[in-house]
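Student: Next input, structure requested:
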Amino acid sequence: MATVIDGRALAKKLNQQTSERVKKMQENDGITPGLVVIIVGEDPASQRYVRNKHRTAQRLGINSIVKQLPEDVSEEELLKWVDQYNNDPTVHGILVQDPLPDQINEKDITRAILPEKDVDGFHPINVGKLFLNDSTKYPVSCTPKGIMTMFSEYHINLEGKNTVMLGRSAIVGKPMAALMLNEGASVSILHRLTKDITEYTKNADVIVSATGQLHTLTKDDVKEGATVIDVGQNINEAGHLVGDVDYDDLFDKVAYITPVPGGVGPMTIATLMQQSVDLAEWSIHRDD
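Tutor: Sure, this is the predicted structure:
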């Protein structure tokens, strides 16, 4: 029977630590971490996600600013706002919420955010540091970083382990693979063009799935005692939110598993808050 990795409980613990760090910064340095989220348009899912970020940040004592821009905003105008926040010393983290409308080149926006304010960890400089396993301090994509916190909390050692990353996105798949590789794991990155994923997953000690596809893994696809991290968020035939993997089918075979909801999701926002404070702390030392 699997141990359930409780993302909600761990996120609560992490948020408490973040709140304490905010208070310490305010008392010792007179600084309140500042986070700006820029959202373009009225996409309901994005609006809901940004509201959750904003409320969480406020609750933890972070100065949270949400900048709403219209759907038809030009790239030039959006870049002006990014530049304004880049030059605002009270802002330590900047995030531009996906998705962006067609008239805006997402890569241009990502590159425009200063690397030291790139709270999402998407800037090419920060991605490069991650893949080089750089020894300096830099932000990392929040979902993979949150999963690494899960591994640490549950004493899941990656060193020398066979690991599989299902999915190769720039947000989850690639940074997650780099983080596991940096911890000494052997990593296979699988995707829709991979011929036979079961050939890899049956030999994996740890599997992270971010495919966005129902029934990605069943008990026949994994070995006894594996760890399965489910990043997926899908709606099943009954209209319920579920992950990529068949949770009930896997439960009695694997050693650790994350539920959906209540697994990786809460850790993503908690890690965003944690990283906002990281950036504020690093800015103090950078200015010394």
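Student: Mind telling me what element the spatially most central residue of the chain is part of?
Tutor: Per C-alpha atoms, centre = their mean, the C-alpha nearest to the average position across the chain is that of Thr143, at 1.8 Å. Assigned by DSSP states H and E, Thr143 falls within helix 142-153.
Student: residues contacting the residue nearest to the centre of the chain?
Tutor: Contacts here follow C-beta atoms under 8 Å, 6 or more residues apart in numbering; on that basis Thr143 touches Ile171, Val172, Met176, Ala210, Val231, Val264, Met267, Thr268, Thr271. Glycine gets a C-beta too; all of them are placed from N, C-alpha and C.
Student: how about CSV for those residues, with pLDDT, distance to Gly93 and neighbour count added?
Tutor: Formatted as CSV, these follow (pLDDT from 0 to 100; distance: C-beta to C-beta, whole Å; neighbours: other C-beta atoms under 10 Å):
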residue, pLDDT, distance to Gly93, neighbour count
Ile171, 96, 17, 18
Val172, 98, 19, 25
Met176, 98, 21, 29
Ala210, 98, 23, 26
Val231, 98, 22, 30
Val264, 98, 21, 29
Met267, 98, 17, 26
Thr268, 97, 14, 21
Thr271, 98, 12, 28
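Student: Strands along the stretch 151-288 of the chain, start to end?
Tutor: 162-166, 186-190, 206-209, 227-230, 234-235, 241-242, 256-257 (DSSP state E, counting those that start in this stretch).
Student: For Met25, which non-adjacent residue is spatially closest?
Tutor: Ile31 (5.2 Å; C-beta to C-beta, 6 or more residues apart in numbering).
Student: Which residues are in contact with that neighbour?
Tutor: Ile31 makes contacts with Met25, Ala280, Ile284, as judged by C-beta under 8 Å, 6+ apart.
Student: how close does the last one get to Thr136?
Tutor: From Ile284 over to Thr136 the distance is 15 Å, taken as C-beta to C-beta, to the nearest Å.
Student: More neighbours: the two, which one.
Tutor: Ile284 (13 against 6; other C-beta atoms under 10 Å).
Student: OK, contacts around the more buried one?
Tutor: Taking C-beta under 8 Å, 6+ apart, we find Ile284 in contact with Met25, Asp29, Ile31.
Student: what about the last one, is that helix, strand or coil?
Tutor: Going back to what we said before, that points to Ile31. Classification of Ile31 using DSSP: H, G, I helix; E, B strand; the rest coil returns coil.
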